[in-house]
Structures are given as structure tokens and as C-alpha cells.
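[1] Have a look at this prediction, sequence included:
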Amino acid sequence: MSNTTTPSKAKPFLAIFDLDETLIAADSASLWSAFLVERGIASTTLLEEEQDFMKAYAKGDMDMNSYMKATLKPMVGLDNGTVTKLVDAFIEEKIKPAIYQDAIARIEWHKKRGDKVLVVSATGEHLVKPIASMLGADDAIAINLEQINGSFTGNTVGALSYQQGKVTRMKTWLDEQETQFQGSYGYSDSINDLPLLNAVDRPFAVNPDPTLAMHAQVNEWTIMDWRHDNNIHR
């Protein structure tokens, strides 16, 4: 993922962050499902389905297509304006209280260096893009959602940014950039992001699950724990 530098000006680095359990102390998609239930937009059965899916996710074998179909069902027929208002309220109520202070500090560290900050997540773009913007990221890659005549259909579009799909989407994103990068940093908590971490020059295991922690130790990757007391951004 490295690019050569020009003699006139050093090219920036690219800092790639996973979102859930890396930058925030929660899974944004799960919080969103609970939020929709609280608002009466989704049935409580969605939370039961969510729990089953998350157990599979922790093992690294979740069917993302099935997960997206189930969790997007409450949004079918909702227009973009309605969803945007719901997401704005959701971020204020559920996401902002869950942000890691160390995550903000790390993003700011990269920004001060002149690096470009990119959030890459296996969650829907309706959540990831506004959350990434709020966190100070320059751009975001997420699962694209289909809209017809301004309303959500419950379907996804294109390659899902999940596991190896994150690398696929990231390569497409890189091809679209006018900027070339001299190197890359990658941050994630999950073994599901092993393809992404293997693709960057400097991988960091942040709040790693047991499997990723073991992999990081064997490969002498830097391990960061942002979950210590009093580390939630207020």
C-alpha cells in the first residue's frame, strides 16, 4: 500500500480506523437496532436476531448479507430525510457517550501530522458516514444502501466492506484518490479485520478480541487498550 514520494514534497500517510469497539465502546449497528426498537420503529424480535448474529460475528463467521437484510428491514420505505433525523438523534443519544478519549487523541495525532484519516466499517453508510465525520475523519467506507426515489429498499449495493471486502473497497477508494500516500496505519479490535490489518504498513490491535490479541503478539504488532477507566469522551 506504500507509494513512492516526490522530491518536492513528502506525501501524507493514510490512517485507517475500524469504528465499532475501536473508536467507540459499542457496536453502532447493535445500538441502532436497539434505538429503533425504543422508537417503536422495529420489533423487539430484532434484538434477539441481533444477539445471534453478534455471536457469529465474534467467531468470525457471520453471514453479512443475512445480517444486513435483517437489520435493514425496519428502514424499508423510510425516506432519506426521516432516516437522517433519526441518525442525528441516535448519534447524540447513543454514540457520543461511547467515544473513547484515546480514539479522539489518536485521530488528532494523525491530523496534526498531516495524515488522511479514513474510517472503514462493516456497518451501513447511513450510520458510519455521519459518525466518522463527527469524529473528525476525512472520509469513510461503509456498506452502501440502496435507495429508490429517495427511500430505502432494505437492500445493499456493491461489495460489502466486511472482512476481505474491506480491503477490496479500500483499494477501489485508493484508486479514486488524487493523493498518493507514502504509507498506511491500520487500527482495529476484531479478528474479522485481519485482512485489513495485513494490508497496511503499520497495523495496531486496539482493544483486541482474544484471537486478534494472540495474532498481534505472535507478529509483534503494537497492542493498544483504550478501554481503561475514565476513557469515555464526554
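    Perfect, I can see it now. Only a predicted model underlies this, so the values are computations on that prediction, with no experimental measurement involved.
[2] List the residues that contact the nearest residue to Pro130 once chain neighbours are set aside.
    Excluding the flanking residues, the one nearest Pro130 by Cβ to Cβ, 6 or more residues apart in numbering is Val87, at 5.8 Å. In short, each C-beta sits where N, CA and C put it, glycine included. Residues near Val87 by Cβ atoms under 8 Å, 6 or more residues apart in numbering: 126-127, 130.
[3] Would you mind measuring from Gly60 to Lys112?
    According to Cβ to Cβ, to the nearest Å, Gly60 and Lys112 sit 35 Å apart.
[4] of the two, who's got more company?
    A direct count of neighbours by other Cβ atoms under 10 Å for Gly60 and Lys112 places Gly60 higher, at 15 against 8.
[5] wait, doesn't that one sit right on Ile191?
    Yes: with contact defined as Cβ atoms under 8 Å, Gly60 counts as touching Ile191 (5.2 Å).
[6] what stretches of the protein score poorly on pLDDT?
    Counting by pLDDT under 70, the chain shows low-confidence ranges at 1-8, 229-230, 232-234.
[7] Any buried residues in the helix ranked longest in the chain, and which?
    Using DSSP state H, we find that the single longest helix of the chain is helix 45-59. Across helix 45-59, burial judged by 16 or more other Cβ atoms under 10 Å covers 46, 49-50, 53, 57.
[8] who touches Ile16 in this structure?
    Contacts of Ile16 by Cβ under 8 Å, 6+ apart are 118-120, 170, 184-187, 196, 200.
[9] Since that was my last question, I'll sign off now.
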